[in-house]
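>>> Quick one, fold the following:
(2 chains)
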There are 2 protein chains.
Amino acid sequence: MSTLEETIEIGVDGERIAGTFVTPGTLIPGVLFVHGWGGSQEQYRSRAREVAELGCVCLTFDLRGHAQTRTQFETVSRAQNLEDVVTAYDTLVKRRHVDPGAIAVVGSSYGGYLAAILTSMRKVRWLALRAPALYIDSGWKSPKLQLHKDQDLRTYRQRLVLASENRALKAMQAFEGDVMLIESECDAIIPRAVLTSYREAAIHARSLTYRCLGGADHGLTGERAQKNYTKVLETWLKEMVQGSRRSPATASAETPAPAPNASQAQSESPAPRAEAADGADSAREPAAEPRA
Amino acid sequence: MSTLEETIEIGVDGERIAGTFVTPGTLIPGVLFVHGWGGSQEQYRSRAREVAELGCVCLTFDLRGHAQTRTQFETVSRAQNLEDVVTAYDTLVKRRHVDPGAIAVVGSSYGGYLAAILTSMRKVRWLALRAPALYIDSGWKSPKLQLHKDQDLRTYRQRLVLASENRALKAMQAFEGDVMLIESECDAIIPRAVLTSYREAAIHARSLTYRCLGGADHGLTGERAQKNYTKVLETWLKEMVQGSRRSPATASAETPAPAPNASQAQSESPAPRAEAADGADSAREPAAEPRA
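Alright, predicted model coming up:
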């Protein structure tokens, strides 16, 4: 069934005539954008405009410790920033016209990490993470900036982290919606092993789409990297949103989750939805990588 | 400006963080389908499904004198059926999620005639009329069936009727939204002169799109005619709805109304939006026709 139908009676002149509402399976999707550490909502402003044109209500916001609350940069904790994300989510869902069953969350780096955790606290249907960061769970209420001194993040991010030992990956493992993971090919901050940890955790995802932005660094320096990210994100969101309008009930049956099989080439693990995006030259499938 | 932006403050832990809503110019459009005399909402059921997939909330309904109230077939008047249409419109606009500023009305034959009049009573943005009928204003509360005895409709429909002498055409003349007119090439009930009367009346339309369904009769007998109608209608609605999301504020400036110039070839009079639909072989532009 591609649409929903509801038979109604319309009262006119004390009589009744029959009517039928035919509605799309998904009404207006909401999209929440979570910027990275050291960034601001400005990073997602132009992307939000593009996505709004697809017929979505978008919300960008500044995490505490950034932009107007920059004075808290050295003191703000993950706990506080997660609360920012949850509150922004609640603001989006309460917005008039937004379909609470059709929420996408898009996050970069630290914002991606927080977005992954959000899925364990709120209902998210689509999750897109670009170069998501990874931190050790301890020190949850310590200043985020302090983590880089207290935790050996460089080493932690070089190895495959199991879902059982990390809050973000645990959330990722439980998440049953559609997932997009985006890697920057020349990322000096978030190595591929982190992306692999997220990817291997996502065993219950309805679909998985993995893309690598060729030549891009962590911060997406340069217009080309920025454009490629927008394009990849928009193509995926378009597919998700339009797909949900076409077949809200059958999506889960049609797109089995990828098998969590380490011996399988990673470039084959995405579910059937993960076809190459347009402009595949710059948004390449990653080569198969043996498990560390 | 392609989207709307609203800066907000989000309260969290007694503090405030900045946020921005970016929304599409048009939220969920509503589409009302008005069937013809002797028909029922079933005629529009499958089309409503197609249109709902574009992200619209659709409403079909049975005019009094039809389907369940068929016993009133010989007594129901235009006044009553117009009230049916107005009440159905109000039901659609009140529906949750529907954007009251983005309502399309689609009507066939008698339903097209009523739909045209509706635009003088309620806010309509897009109006699609397929083989719209035309009646003389007198006898407004007489049984509709009686009109075919009391009025020489055959003669009336063969000549060009001026907007000043007919309620439906008067409404058409005042209408400032986008108009689509669809002719059946082999229509034995509604000759082209009626379409021309509607077309010449639509001098204030923001855009005009005129299509002729090749080989089709008045009732759209046969699968091919049915499919062509659906295709032409869907292509137009898609353009209108997506166009409104892209440029809600500039549409009026970009698409001047057609000049009401009788010496101009009719196939050239539509506004710039009226490009040939896909499958143009079966949905042809009509040949130029000298004014009667």
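>>> Look at stretch A:62-79 and report the distance between its end residues.
15 Å (Cα to Cα, to the nearest Å).
>>> near chain B at all, that stretch?
Yes. Stretch A:62-79 is in contact with chain B by Cβ under 8 Å from any Cβ of the partner chain, via A:D62, A:L63, A:R64, A:A67, A:Q68, A:T69. For every residue, glycine as well, the C-beta is placed using N, CA and C.
>>> A:C212 falls within a strand, correct?
Yes. Secondary structure of A:C212 (DSSP: H, G, I helix; E, B strand; the rest coil): part of a strand.
>>> Do I have it right that it meets A:E185?
Yes. If you go by Cβ atoms under 8 Å, A:C212 and A:E185 touch, sitting 5.4 Å apart.
>>> Who has more neighbours out of the two?
A:C212 (23 against 15; other Cβ atoms under 10 Å in any protein chain shown).
>>> Just flag the most distant two among the residues of stretch A:62-79 next to chain B.
Spatial extent of the residues of stretch A:62-79 next to chain B (Cβ to Cβ) is set by the pair A:L63 and A:Q68 at 11.0 Å.
>>> list residues touching both of those two?
Common contact partners of A:L63 and A:Q68 (Cβ atoms under 8 Å, 6 or more residues apart in numbering or on different chains): B:I17.
>>> beta partners of the residue in the stretch 51-200 of chain A that chain B sits nearest to?
Closest residue of the stretch 51-200 of chain A to chain B, Cβ to the nearest Cβ: A:F61 (3.7 Å). Bridge pairing for A:F61 (DSSP bridges) gives the partners B:G19.
>>> Show me which of the residues of stretch A:62-79 next to chain B are buried.
Using 16 or more other Cβ atoms under 10 Å in any protein chain shown as the burial test, the residues of stretch A:62-79 next to chain B include A:D62, A:L63, A:R64, A:A67, A:T69 as buried.
>>> just the helices in the stretch 51-200 of chain A please.
For the stretch 51-200 of chain A, the helices defined by DSSP state H, counting those that start in this stretch occupy A:78-94, A:110-118, A:144-150, A:153-156, A:167-174, A:192-201.
>>> To A:L127, which of these lies closest?
helix A:110-118 (6.4 Å).
>>> which strands and helices sit next to the closest one?
For helix A:110-118, the elements it packs on are strand A:28-34, helix A:78-94, strand A:98-108, strand A:126-130, helix A:167-174, judged by 3 or more Cβ pairs under 8 Å, 6 or more residues apart in numbering or on different chains; DSSP states H and E.
>>> From A:N81, how far off is A:E42?
17 Å (Cβ to Cβ, to the nearest Å).
>>> Of these two, which one has the most company?
Per other Cβ under 10 Å, whichever of A:E42 and A:N81 has more neighbours is A:N81, with 24 against 13.
>>> Give the closest residue to that one in space, chain neighbours not counted.
A:L63 (5.0 Å; Cβ to Cβ, 6 or more residues apart in numbering or on different chains).
>>> Looks like the one you found contacts A:E83 (just checking).
No. Taking Cβ under 8 Å as the definition, A:L63 is not a contact partner of A:E83, at 10.1 Å.
>>> what comes up buried for the host helix or strand of A:M240?
In the assignment (DSSP states H and E), A:M240 maps to helix A:223-246. Across helix A:223-246, burial judged by 16+ other Cβ under 10 Å covers A:225-226, A:228-237, A:239-245.
>>> quick one: average pLDDT of that helix?
Model confidence over helix A:223-246, given as mean pLDDT, is 89.
>>> quick revisit: among the residues of stretch A:62-79 next to chain B, which has the minimum pLDDT value?
A:Q68 (88).
>>> Report the separation between that residue and A:L145.
Computed as Cβ to Cβ, the A:Q68 to A:L145 distance reads 18 Å.
>>> what's the answer for A:M180, then?
Distance from A:M180 to A:L145, by Cβ to Cβ: 28 Å.
>>> the more surrounded of the two?
Between A:M180 and A:L145, counting by other Cβ under 10 Å, A:M180 is the more crowded of the two (27 against 15).
>>> Would you agree that one is in contact with A:T209?
Yes. Using Cβ under 8 Å, A:M180 is in contact with A:T209, at 4.5 Å.
>>> where do the contact lists of these two overlap?
A:W236.
>>> gap between A:S46 and A:F175?
Taking Cβ to Cβ, one finds A:S46 at 27 Å from A:F175.
>>> Which one's more surrounded, these two?
Neighbour count, other Cβ under 10 Å: between A:S46 and A:F175, A:F175 has more, with 22 against 12.
>>> okay but the more buried one is in contact with A:V124, surely?
Yes. The criterion here is Cβ under 8 Å, and A:F175 meets it with A:V124 at 7.3 Å.
>>> List the residues that contact the nearest residue to A:A18 once chain neighbours are set aside.
For A:A18, ignoring the flanking residues on the chain, the nearest one in space by Cβ to Cβ, 6+ apart is B:D62 at 4.8 Å. Residues in contact with B:D62 (Cβ under 8 Å, 6+ apart) are A:I17, A:A18, A:G19, B:H35, B:S40, B:Q41, B:Q68, B:T69.
>>> Which among those residues count as buried?
A:I17, A:A18, A:G19, B:H35, B:S40, B:Q41, B:T69.
>>> Columns distance to B:I10 on top of the residues you listed, output as JSON lines?
Conversion of the buried ones among the contacts of B:D62 to JSON lines gives the following (distance: Cβ to Cβ, whole Å):
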{"residue": "A:I17", "distance to B:I10": "46"}
{"residue": "A:A18", "distance to B:I10": "45"}
{"residue": "A:G19", "distance to B:I10": "40"}
{"residue": "B:H35", "distance to B:I10": "48"}
{"residue": "B:S40", "distance to B:I10": "50"}
{"residue": "B:Q41", "distance to B:I10": "45"}
{"residue": "B:T69", "distance to B:I10": "52"}
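>>> What is the nearest of those residues to B:P29?
Nearest member of these to B:P29, counting by Cβ to Cβ, is A:G19, at 17.7 Å.
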